[in-house]
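# take this sequence and fold it.
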Amino acid sequence: MLDRLVEIFCAMDDFCKAFSLQWAARQLSAGKAWERGPECGLSVSEIMTIVALYHGSRYRYFKNFYNGVVLTRLKQAFPGLPSYQRFIALKPRIFMPLLMFLASRSGKKTGIYYLDSTALPVCHNRRIARHKVFAGLAARGKTSMGWFFGFKLPLVFNHQHAIVALKLTPGNVSDPAPVISLVKGLTGKLFGDKGYIGKKLATTLLRQGLALMTKVRKNMKALPMTLVDKLLLKARNMAETIIGHIKAFSSLNLPKHRSPVNAFIHLIAALTAYQLNPIQPNSPSALQLS
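I've put the predicted structure just below:
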């Protein structure tokens, strides 16, 4: 994504200019008397751009990316670069702007959607008892891969491979629980795996104008579907492919974080990086869906 540096920065800077005016109007105090210390050498949009570039760089650790790429190759593009430690201290400033930027980049409502959820462990199972960073936020849950301690991230994609809706829940929340609020405002057809089978859920979604379609278990009767719907359901693993892509190339991992705020910024930035450079339907990764 380094070749799109100017494009990404301009998009984020234009958004931040509009957002800052609305955000400032909602603050209790318009003054800056509460701020201490030296003035930041980077703007909010510059910090957002650097974080987004990291998640599109395929670097495993942000420290290596910042010291090896940002402070060397991008020094002219960002003349006010601070040290790595100072940059980490500045990251909480972009939490709300980055979250709103991600919301502004939501995919189009196309009428065809795919639903899936992924586990986000925050530590190894052996360290659950002494884990403190996400105490009171994360919870122990179970997936087909086994037990974990952390969060679940349900995602809704359109057939163009863009994220339409997302929600972060504790790990002990069942997959069907957040679906109603997650797909609010969407109409058309929603394709999911067997974990979303449920007559009550399907009925509620149908009343909202969204038809839930899943594969059935061996002891269940097959649902009546058209040939087109069967083909669309067969391509449901597109959601798993995208989630795997984000985890592999955007560093969608939380165990190394010591601050919940920076961890959530890390998560938001990973999803933002994907929205800025999504898997195209005709790309080699998409061809693996069949």
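
# can we go C-alpha only for contacts and neighbour counts from here?
Will do.

# contacts for stretch 104-115, please.
Stretch 104-115 is touched from outside by 154-159, 162-165, 186-193, 236, 238-239, 272, 275-276, with contacts defined as C-alpha atoms under 8 Å, 6 or more residues apart in numbering.

# show me the helices in the stretch 151-290 of the chain, by range?
Per DSSP state H, counting those that start in this stretch, the stretch 151-290 of the chain carries helices over the ranges 179-182, 199-207, 227-234, 238-249, 260-276, 284-287.

# what packs against the third one?
I take that to be helix 227-234. Judged by 3 or more C-alpha pairs under 8 Å, 6 or more residues apart in numbering; DSSP states H and E, helix 227-234 is in contact with strand 188-192.

# can you pull the buried residues of the strand it packs on?
189-192 (16 or more other C-alpha atoms under 10 Å).

# now, which of the residues you listed sits nearest Leu182?
Leu190 (11.8 Å; C-alpha to C-alpha).

# doesn't Met213 make contact with that closest one?
Yes - with contact defined as C-alpha atoms under 8 Å, Leu190 reaches Met213; the gap is 6.1 Å.

# and of the buried residues of strand 188-192, the nearest to Ser181?
Nearest member of these to Ser181, counting by C-alpha to C-alpha, is Leu190, at 13.9 Å.

# need the buried residues of strand 188-192 in TSV (columns: pLDDT).
Formatted as TSV, the buried residues of strand 188-192 follow (pLDDT from 0 to 100):
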residue	pLDDT
Lys189	94
Leu190	94
Phe191	94
Gly192	91
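
# scan the protein for its longest helix.
helix 5-25 (DSSP state H).

# can you pull out the strands in the stretch 51-200 of the chain?
112-121, 139-143, 146-158, 163-166, 169-170, 188-192 (DSSP state E, counting those that start in this stretch).

# the nearest residue to Phe249 once chain neighbours are set aside: neighbour count?
Nearest in space to Phe249, with sequence neighbours left out and distances taken as C-alpha to C-alpha, 6 or more residues apart in numbering, is Arg58 at 4.9 Å. Neighbour count of Arg58, defined by other C-alpha atoms under 10 Å: 15.

# equivalent analysis for Asn277, please.
Asn277: 13 neighbours (other C-alpha under 10 Å).

# ditto for the one 3 residues further on
Number of residues near Gln280 (other C-alpha under 10 Å) recorded here: 13.

# and the longest helix of the chain, how far from the chain's centre?
Its chain's average C-alpha position is 20 Å from that of helix 5-25, according to C-alpha atoms, centre = their mean, to the nearest Å.

# which residues does it contact?
30, 44-46, 48-49, 53, 97, 101, 276.

# lowest-confidence helix or strand of the chain?
None of the helices or strands of the chain scores lower by mean pLDDT, DSSP states H and E than helix 284-287, at a mean of 44.

# where in the stretch 1-150 of the chain is pLDDT low?
Within the stretch 1-150 of the chain, the ranges that satisfy pLDDT under 70 run 27-39.

# mind listing the helices for it?
Counting by DSSP H, counting those that start in this stretch, the helices of the stretch 1-150 of the chain are 5-25, 44-55, 62-65, 84-90, 95-104.
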